[in-house]
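> From the sequence below, what's the structure:
(4 chains)
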Number of protein chains: 2
Amino acid sequence: MNQYQMKKPYDHQMEDFSVDSFSSDSYTETPSFIDQSFQTHNYCLQEPSNIKQPVNKKQLLMLQTLSLYLLVQDHVLAERKRRAKLAQRFISLSSLLPELKKMDKATVLEDAANYIQELQNHVKELERKKMQESVEESSGVCDPEIEVRTSGSSLLVEIYSQKNCISLLKVLRETQELGLSIISCSTMPFAETTLLVTIVTQVYIDIVVYSSS
Amino acid sequence: MNQYQMKKPYDHQMEDFSVDSFSSDSYTETPSFIDQSFQTHNYCLQEPSNIKQPVNKKQLLMLQTLSLYLLVQDHVLAERKRRAKLAQRFISLSSLLPELKKMDKATVLEDAANYIQELQNHVKELERKKMQESVEESSGVCDPEIEVRTSGSSLLVEIYSQKNCISLLKVLRETQELGLSIISCSTMPFAETTLLVTIVTQVYIDIVVYSSS
DNA sequence: AGGTACACGTGATGC
DNA sequence: TGCATCACGTGTACC
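Residues are numbered from 1 along each chain as shown, chains lettered A, B, ... in the order given. Now for the predicted structure:
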């Protein structure tokens, strides 16, 4: 799964990038002059009278070399951290891809791109269907003209729906929830595309009927 | 957009990786011994009598060095090709990501992973809704019990639908397309979740009615 | 100026 | 055996 972390060409690729772990690499092992430099530094601290003595050319060169070395090591460390981050991201990304056989970096990138496009198309398709459905539905729900006539406690509701499918059961259930007892309900098709719904109800509790639209 | 191709640290990062374009890099420019080796080789070809002469140690060393050099150059070229491929894939991938500000490799990888997860969740959500809708719909379309009674040229159809929304208009339209003249159609809710549809029709042409329960 | 990111050439490793 | 891939240290550029 995580081949990115398994290769250890120089035998010093550690999780924490500890400098102490360097051993077999001639490029990165601590040069011999380091110890000498540190010893010189300690010596100066131990004998304050010598601090203001101008360091000789050899010592100066060593100090310069040391600071350069430390700078370079910093650079090496930073680069190593960056690579580790990239490797980790590669692993995370590849773990999201389906049917992943080769764990190539190139393959991971390519498959990720293909997979994203595939998902985008899928989403687009699904949302297209969803959209047209909701358009159909909302135009069916919002459009109908509703006419109400009363006579005593009786109520005549006429719904004139333009679209294919209004949720008749929902309408009837909501009617009942309003405290209206349904006496009869008839539906008739009209002009091939519209539906006339006629509901006769009886008010059996005291309510106020709000006309919306 | 394509920062991956813009950095030219050694001033020899070319699109076609032409070796001729190498100029300022001490690591990759053709060493001085190359010309000598080629001259030696040409000399041997021009004077066949000298071919079987054992080459001296210096010439042998040069030839060995040359072949090694060519091998190394092959390696360099292959690695360069690989890097170019990776960079290209990075560009392709990043071009698919929305709202991409930083074009970091690390950022591209992270954003790609996040985007994929986002899309996956989106698809999952959409398909969940789709699924439950189609389940509702199909159970509403397939479940209803239908009872038909005839009396002369009259037809009484009773549809007992379990679910929320059957496409009543569709049923009525198809009824008419079967050559049935609709006399009346009444719908009544029943037990809060079901709908009883009663259709009275008259057969006005000679047809054969198939029962597709 | 220091930090971040990159491409490079190189040696190593696995098929 | 080549060939492809990798991680590494390094030099460089941009902010």
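
> Who is residue A:156 paired with across the strands?
Counting by DSSP bridges, residue A:156 forms beta bridges with residue A:149, residue A:200.

> so it makes contact with residue A:200?
Yes - between residue A:156 and residue A:200 there is a contact under Cβ atoms under 8 Å: 5.7 Å. For the C-beta atoms, the positions are set from N, CA and C on the backbone; glycine is no exception.

> Name the next helix or strand downstream of the helix or strand bottoming out on mean pLDDT in chain A, please.
When the helices and strands of chain A are scored by mean pLDDT, DSSP states H and E, helix A:33-46 comes last with a mean of 34. Once helix A:33-46 ends, the next helix or strand along the chain (criterion: DSSP states H and E) is helix A:57-95.

> now the angle from that following helix to helix B:57-95?
Angle of helix A:57-95 versus helix B:57-95, following axes from the mean of the first three to the mean of the last three Cα atoms, to 10 degrees, is 50 degrees.

> name the helices or strands packed onto helix A:57-95?
helix A:33-46, helix A:105-142, helix B:105-142 (3 or more Cβ pairs under 8 Å, 6 or more residues apart in numbering or on different chains; DSSP states H and E).

> Does it reach DNA strand C?
Yes - for helix A:57-95 and DNA strand C, the contact criterion (Cβ under 7 Å from any atom of the strand) is met by A:74, A:75, A:78, A:79, A:82.

> Restricting to these, which residues neighbour DNA strand D?
With the criterion set as Cβ under 7 Å from any atom of the strand, the members of the residues of helix A:57-95 next to DNA strand C near DNA strand D are A:75, A:79.

> Which single one of the residues of helix A:57-95 next to DNA strand C is nearest to chain B?
Nearest to chain B among those: residue A:82, at 7.6 Å, using Cβ to the nearest Cβ.

> Apart from its chain neighbours, what residue comes closest to that closest one?
Using Cβ to Cβ, 6 or more residues apart in numbering or on different chains and skipping residues adjacent in sequence, the residue nearest residue A:82 is residue B:106, 7.6 Å away.

> Go ahead and confirm that neighbour touches residue A:87.
No - between residue B:106 and residue A:87 there is no contact under Cβ under 8 Å: 10.3 Å.

> Could you check which of these two is surrounded by more residues?
Legend: neighbour count by other Cβ atoms under 10 Å in any protein chain shown for residue B:106 and residue A:87, higher for residue A:87 (17 against 14).

> Next one: that one relative to residue A:96, how far apart?
16 Å (Cβ to Cβ, to the nearest Å).

> Also residue A:161?
To residue A:96, residue A:161 is 46 Å away according to Cβ to Cβ.

> who has more neighbours, these two?
residue A:161 (25 against 19).

> and that one, bridged to which residues?
Listed by DSSP bridges, the beta-bridge partners for residue A:161 are residue A:195.

> circling back: what's the closest of the residues of helix A:57-95 next to DNA strand C to DNA strand D?
Taking Cβ to the nearest atom of the strand as the measure, DNA strand D lies nearest residue A:79 of the residues of helix A:57-95 next to DNA strand C, at 3.7 Å.

> residues near that closest one, how many?
For residue A:79, the neighbour count with other Cβ under 10 Å is 10.

> now do residue A:72
Applying other Cβ under 10 Å, we find 11 residues neighbouring residue A:72.

> What of residue A:89?
21.

> before we move on, what about residue A:62?
19.

> how far away is it from residue A:55?
9 Å.

> before we move on, what about residue A:69?
From residue A:69 across to residue A:55, the span is 17 Å (Cβ to Cβ).

> Need the pLDDT of the residue nearest to residue A:117 when sequence neighbours are not counted.
Sequence neighbours aside, residue B:96 is the residue nearest to residue A:117 in space, at 6.4 Å (criterion: Cβ to Cβ, 6+ apart). Looking at residue B:96, its pLDDT reads 93.

> which residues sit in contact with the residue lying closest to residue A:129 once chain neighbours are set aside?
Leaving out its chain neighbours, the residue that sits closest to residue A:129 by Cβ to Cβ, 6+ apart is residue B:130, at 7.5 Å. Contact analysis of residue B:130 by Cβ atoms under 8 Å, 6 or more residues apart in numbering or on different chains lists A:126, A:129, A:130.
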